[in-house]
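Q: fold the stuff below for me.
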Amino acid sequence: MCLWYCYYIMDKLNYIGLILVGLATACHSPADQKKDPFSTEYAITAKEEKKIDSAKLIIAGKQAGNIYLGQDMTSVFKLLGKPDDGDAAMGKAIGIWHKKQPIIIFSTYRDSNMVIKDVKQISISSNSLSTADGIHTGVSLAFLKMVYPELKKVASYSNLQTKALLVVYDAVAKGIAFDIQKDTCTTITVHPVNQSVNDVYLTMYPAWKKN
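A: Alright, predicted model coming up:
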């Protein structure tokens, strides 16, 4: 009798245990399960949350925010207004905007008709713009080399007053270059792929001398 009663109690406890497990599982909705940091669903969600607004996105060889290579300069002026500074000669021009979002745009005539000027190169120094890989001004040279292992030093400049050094690294095949000072990125330049970054620094930065 005692043995039978013990088996009866154990069966009851197992049944109750199964009910509790079922209730605990039911309390976790599919939405909660997706929040599991080790699940594939969570990884996908986290990646989507890191998407950058196109107006703040840098794409190598294509664009920096709302400005893109090949864009008619007329539309650029509508977006940014009149440049705060710049220079123009022999069909080439550099426009420099200091307000809101510091940006420098190098442009030339689109073709031999010499009617439309379009964007050939975009340089930005604001850290509000970023690549999908998290590259923006202020990151280290070491991080840049990790993301762009093909980076090559293409030029260096010395400041005429402070003697500070500025080094330009270019990922030519990707269409993106970086100004580096004290191992830190100060400017990002988007240019056409497979074309070395344009040598316009002397005009853009009169206080710098090429080494």
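Q: centre-most residue in the protein?
A: residue 131 (1.3 Å; CA atoms, centre = their mean).
Q: so how far is residue 190 from it?
A: In this view, residue 131 and residue 190 are 10 Å apart by CB to CB, to the nearest Å. In this view, the C-beta of every residue, glycine as well, is placed from N, C-alpha and C.
Q: just to check, residue 187 is in contact with residue 179?
A: Yes: shown here, residue 187 and residue 179 form a contact pair, counting by CB atoms under 8 Å, at 3.8 Å.
Q: need the contact partners of stretch 87-95.
A: 73, 76, 80, 83, 86, 104-109, 114, 117, 200, 203-204 (CB atoms under 8 Å, 6 or more residues apart in numbering).
Q: what are the ranges of the strands in the chain?
A: For the chain, applying DSSP state E gives strands covering 58-59, 63-64, 67-68, 85-89, 92-97, 103-109, 117-124, 152-159, 165-171, 176-181, 184-190, 208-210.
Q: mean pLDDT for these: which is lowest?
A: In terms of mean pLDDT, the lowest-scoring of these is strand 85-89 (a mean of 85).
Q: where does this protein have low pLDDT?
A: Scanning the chain with the threshold set as pLDDT under 70 gives 1-52, 100, 200-203.
Q: can you list the domains in it?
A: Listed domain ranges for the chain are 2-49, 54-210 (source: automatic domain parsing).
Q: so what's the residue count around the residue lying closest to residue 153 once chain neighbours are set aside?
A: In space, and not counting its chain neighbours, residue 153 is closest to residue 169: 5.6 Å by CB to CB, 6 or more residues apart in numbering. Using other CB atoms under 10 Å, residue 169 has 21 neighbouring residues.
Q: now residue 155
A: Neighbour tally, residue 155, other CB under 10 Å: 17.
Q: what's across from the nearest residue to it once chain neighbours are set aside in the sheet?
A: Leaving aside its sequence neighbours, residue 155 sits nearest to residue 168 (CB to CB, 6+ apart; 4.4 Å). Beta-bridge pairing of residue 168 under DSSP bridges involves residue 155, residue 179.
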